[in-house]
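Q: here is a sequence with its predicted model. Questions after.
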Amino acid sequence: MKEALQAIESEALASIQKAESSQELQEMKVKYLGKKGSLTSVLRGMGKLSKEERPVIGELANNVRESITEALETKTEKLEREALNEQLENETIDVTLPGNPVHVGGRHLLTNIMEEIEDLFIGMGYEVKEGPEVETDYYNFEALNLPKNHPARDMQDTFFITNELLLRTQTSPVQARTMQSYQGERPIKMICPGKVYRRDTDDATHSHQFRQIEGLVVDKNITLSDLKGTLDVFAKKMFGKDREIRLRPSFFPFTEPSVEMDVSCKVCDGEGCSVCKQTGWIEILGGGMVHPRVLEMSGYDPSIYSGFAFGMGQERIAMLKYGVNDIRHFYTNDVRFLSQYHQA
Amino acid sequence: MLVSYNWLRNYVNLDKITPEELAEKITRSGIEVEGIEYLAPKTENIVVGYVKSCEKHPDADKLNLCQVDVGEEALQIICGAPNVGQGQKVAVAKPGAKLPNGMKIKKVKLRGIESNGMICSLQELGLDEKYIPADVAEGIFVFPEDAEVGTPVQELLNLDDAILDLDVLANRPDALSMLGVAYEVAALLDQPIHLPDESLTVDQSIEAKDYIEVKIDSIENNPYYGAFIVRDVEIKPAPLWMRNYLMASGIRPINNVVDITNFVLLEYGQPLHAFDYDQFGSKQVLIRQANENETLVTLDDQERQLNEKNLVITNGEVPVALAGVMGGANSEVTDETTNILLEAAYFESASVRHTVKQTGLRSESSTRFEKGVDPNRVKRAGVRACMLLQKYANAKVASGVVEVDELDKSEKSVVITKAKVNQRLGMELDEKDIISVLTRLQFEFTQNGEEMIVEVPTRRRDISIFEDILEEVIRIHGYEHLPYTIPQGWVQAGGLTDIQRLQREIKNYLSSAGLMETLTYSLTNQKDAKRFLTPDIEKEPAYSVGLAMPMSEEHSHLRLSLIPEMLRVLQHNIARTQTDLAYYEIGKVFVSREESVTKQPIENLHVAGALTGLWHNHPWQQEKKSVDFYVAKGIVEGLFAHLELDVTFVQTRMEDMHPGRCAEIKLNGNGIGYVGQVHPLAAKDFDVKETYVFEINLEAIFSAHQQIPSFTDIPRYPSVTRDIAFILDNDVPAGNVQTVIKEIGAPLVKDVSIFDVYQGEHMEDGKKSVAYRLLYQDPSHTLKDDEVDASYHEIIEKVNSQFGSYVRS
Ligand SMILES: [Zn+2]
């Protein structure tokens, strides 16, 4: 009997090896392991065996069944994998063809610049203030130490609506409004971004509408060094940590002393090139210590409080940072321009 | 202000500093030098020559054959200039010289005769045509007799001069004079200053008061007027050095009298005016406001209409000058002039500015009066001019000056302390640092304990308070010494307001939804300013705000809608073959409720979108979808879903919008915007094709939006859906039925969506089938069939009775 079982095993294993389809394997399973299969029929003769032989043969028979079953499973798996592989091969596509286009939108470059500057100052504890674009003469000029007939009023060409109403030429009226709303009773740390308007003919460097962002800090003991340090943080964050700043005296009616801030030229690293007109420096913004008359008019006692203010054109910052060569690009909204920067 | 480096050397020692270095120093300390220009390129071998003889060229009528002594040799030169003549001192370019225009001088033969050089005009020497005096503009330049033969011309004509172009801002009128610049430069270089010669010897036999009297009727506009009398002037060219400096400063020399007044104007910053005394018409100067309809013919031969806001100089009868702006033609100095009335006066800036604005006449004089002159230099400038007239016009200066003087010439004193200076600067300066700055600026001061009392010279009109001195201290000491600090002490949590955050959120959403942000102009044309109004604006009379003096018609009125300028953006792109476009913008619109504006308009923040062309395009898969109403509406719906706000869309009609394809957007029953197709005729106005737009008033959203949504438990019990298809009349809006279903089904019906709309075959004429899917849910238990059934039947019944519909079987 032992021989018979061994013969069944080797025959079965050999034919399983040769099988080429799951159909064949199914037939073999019946042939060898089925109720009428060869293994069963051999085992029917078990009764004739001695008490000692029975467990030995019984174990052998089990082993043979397991070995055939395993061989069947292995072979089945192999055949299925081959069939799947073939199917997948047939499903091959051309991966170089373009995918489904996704409609991509984006933010305007100036929005990105504005938010970048806002976030930088928010991180230093500034609040963001806004105000009307149609302003009164009082807030746009008088409250900023520019009384009627002040010679410096000629510096800004203004779009007037009536004698008293105008399109604001700067975002500084927001500073005056904020100071007045706080009634001289608390310190201030704010920035005010927004649109401003000037009577300029639109060309590569001028726009009758543009955007500014200004900052104002008022507290006891605010110093000119505080302005320098703050602007240095700003410049390094916006233009790179290797940038240096320098201050030059300037003139604005609402600050005294007034300064102009230059940043060392990134293109030539201060050596002098066409971008910086060979000076190694690029003019970025203006600022200064808030004029005592401005503090006073807005309800802050200049003998107790001092402050600094600064302001810049957002377009200029964007042009310098991204190398944009014509301010009109920001307002013509050519899709080929906008899509260059929507994730900047 | 054009500053001649060579002229400046007369007052400050510049031996150790080049023009470039000087420019950098001036710029760094507060007055921007916008450029440096050399009068002419460096030349060699051009010297003064003496024309020993001059005859006609034997073979050419228009050429002259000259023998010219140039020092070590004599050159035979053929010259074509008509004004060349024997005995002249002229500029000779010797062989080997190179002219500024690049021309090289060689020995040549002209009509058979050798010519060994060239006699030059000022143009040929490199001077700008417009500054060359009229008397030498034609032909060669002739030097005064005292010019030394062989001297290089470059020096003699000041052609090696460097001109610094200073951008003088309103706060530094002192820098509109050579002396003012000299004081500044002396302070920067820590050098002494050499003041000009004002030593005048008057003719004691003549007294000015015998010739003229002065009366001022308008003292508030003219607090000082000084009249000098100068007799027997000899009108001729001014000395060469003076003409050189004037040309370097951009002023064309005329004659000695005019040149001297211009020279002193530049030197002192004090405008002067010379009248021809014999043409003056009287012995009285009366300064008054002009009468209405009075006229004056000014030096430029223009007749000026005057009014009582113009300050005029008169001879007691008629105007002879527009005070501080321009003289009259009737008393102009000419070649025949022998006696001069010289005016040195102080005119208030507001008065001069008014006249300048009215007449458009801006001169070197008016610019200085407008910005303010030094009260202590007015009379001194007159003295200096008289001294120069005496010297260079052989004139006799009458003794005395006839003047009316109510001018405040006092100096301001400003008190500073070291402690306060350091407190504001945030640094530790020593007292000697501060004293050094004051000394270099030549500000006098006295010390009183901690306090320093600074006497500010009247030339520095910009300085009147502590902060002004503070600026002087730090700019002369140097901003580079200032430390870097950050404000200490008070702290606040910075950040955006809820509304600012919401704006960023809306931009995020619209960008992700496939729209590109634009930024357009707030100013548009009058017609477009009032188109495409949102319903909240439209419901009351609305007016656009117009500029008093627009620069162009395209940008004359503030917009009430973002759409017109956005359509213009589409047009710009379409014209550049970009056809598939989807844009959005957030910006303000300006609504006036008054027909003629007297107060600030309402400024509302709006969001708008404009879409045209293909929304989706996948060419090789043949998938294409054009933008349509539902694309635009879907974006708007998504926006409100994102903001968790419920809005409804109501069919509406708007001017400029497609009558059948426009919905009003309502929030809490109020119209806050619209979405729809631009009317084809309006689209044609903007030169765009089929275009869909939306515009929403964000202010309404800001007030309705809840910043922190309250938490709702995630449903624990399963939901049940039921579908109903209603057959509706075509004109019943499917959305209205949807709203009614929601109302009836509340609170069990959580959501109603439309999943099928059918019209056409197998459908009764004028009818449509709309299928709704209802979502039932209860937070407290699993819904039973009979609960849902009861609601479902109630809905069917009520909808059918309200809309005359029936359920599709
Ligand atoms: Zn550079």
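A: Structure's in. What do you need?

Q: give me the residue at the spatial middle of chain B.
A: In chain B, the residue lying closest to the centroid (C-alpha atoms, centre = their mean) is B:L169, at 12.7 Å.

Q: pull the contacting residues for the residue nearest to that one when sequence neighbours are not counted.
A: The shortest distance from B:L169 to any non-neighbouring residue, by C-beta to C-beta, 6 or more residues apart in numbering or on different chains, is to A:F251 (4.3 Å). C-betas here are computed from N, CA, C, even on glycine. Listed by C-beta atoms under 8 Å, 6 or more residues apart in numbering or on different chains, the contact partners of A:F251 are A:A152, A:S258, B:G30, B:L169, B:A170, B:N171, B:R172.

Q: repeat that for A:V95.
A: By C-beta under 8 Å, 6+ apart, A:V95 has no neighbours at all.

Q: now do the SS call for it.
A: Using DSSP: H, G, I helix; E, B strand; the rest coil, the structure places A:V95 in coil.

Q: gap between it and A:V104?
A: 22 Å (C-beta to C-beta, to the nearest Å).

Q: same check, this time on B:H705
A: B:H705 is 27 Å from A:V104, by C-beta to C-beta.

Q: run me through the strand neighbours of the helix or strand harbouring the residue nearest to B:L169, direction for each.
A: According to DSSP states H and E, A:F251 maps onto strand A:245-252. For strand A:245-252, the paired strands and their directions (DSSP bridges) are strand A:255-264 (antiparallel).

Q: near the ion, anything from the partner strand?
A: No: applying C-beta under 5 Å from the ion, one finds strand A:255-264 separated from the ion by no less than 8.4 Å.

Q: quick one: that strand to chain centroid distance?
A: 32 Å (C-alpha atoms, centre = their mean, to the nearest Å).

Q: C-terminal to it, what's the next element?
A: Where DSSP H and E defines the elements, the next helix or strand beyond strand A:255-264 is strand A:281-290.

Q: number of residues surrounding the closest residue to the ion within the stretch 151-300 of chain B?
A: Per C-beta to the ion, B:D167 is where the stretch 151-300 of chain B lies closest to the ion, at 20.8 Å. If you count neighbours by other C-beta atoms under 10 Å in any protein chain shown, B:D167 ends up with 13.

Q: pretty sure it is touching B:E34, no?
A: Yes: with contact defined as C-beta atoms under 8 Å, B:D167 counts as touching B:E34 (5.0 Å).

Q: output the longest helix belonging to chain A.
A: helix A:53-90 (DSSP state H).

Q: no no, chain B
A: For chain B, the longest helix by residue count, based on DSSP H, is helix B:785-803.

Q: and that one, what does it pack against?
A: For helix B:785-803, the elements it packs on are strand B:720-729, helix B:734-745, strand B:767-776, strand B:806-807, judged by 3 or more C-beta pairs under 8 Å, 6 or more residues apart in numbering or on different chains; DSSP states H and E.

Q: out of these, which gets nearest to B:N116?
A: Judged by C-beta to C-beta, the one of the helices and strands packed on helix B:785-803 that comes nearest to B:N116 is helix B:734-745, at 100.9 Å.

Q: C-terminal to that closest one, what's the next element?
A: Per DSSP H and E, helix B:734-745 leads on to strand B:749-758 as the next helix or strand towards the C-terminus.

Q: ok, back up a step: where's the residue nearest to the centre of chain B relative to B:D462, distance?
A: Distance from B:L169 to B:D462, by C-beta to C-beta: 10 Å.

Q: name the residues of the longest helix of chain B that are buried.
A: B:V788, B:S791, B:Y792, B:I795, B:I796, B:V799, B:F803 (16 or more other C-beta atoms under 10 Å in any protein chain shown).

Q: one more: stretch B:553-566?
A: By neighbour count on 16+ other C-beta under 10 Å, the buried set for stretch B:553-566 is B:H555, B:S556, B:H557, B:L558, B:R559, B:L560, B:S561, B:L562, B:I563, B:P564, B:E565, B:M566.

Q: just the residues you listed: which are in strands?
A: If you go by DSSP state E, those have B:H557, B:L558 in strands.

Q: mind giving me the domain split of chain B?
A: What automatic domain parsing lists as the domains of chain B is B:2-36+B:166-189, B:46-156, B:203-405, B:412-481, B:498-704, B:720-807.

Q: ok, now how distant is B:L22 from chain A?
A: Noted for B:L22: a distance of 15 Å to chain A, by C-beta to the nearest C-beta, to the nearest Å.

Q: quick one: that residue and B:R9 touch, right?
A: No: judged on C-beta under 8 Å, B:L22 makes no contact with B:R9 at a distance of 10.5 Å.

Q: looking at the two, which is more packed in?
A: Comparing B:L22 with B:R9 by neighbour count (other C-beta under 10 Å), the higher total belongs to B:L22, at 22 against 14.

Q: just the element for the more buried one, please.
A: Counting by DSSP H and E, B:L22 is found in helix B:19-28.

Q: ok, and what's touching that helix?
A: So helix B:19-28 is contacted by A:248, B:5, B:14, B:17, B:33, B:36, B:162, B:164, B:166, B:184-185, B:188-189 (C-beta under 8 Å, 6+ apart).
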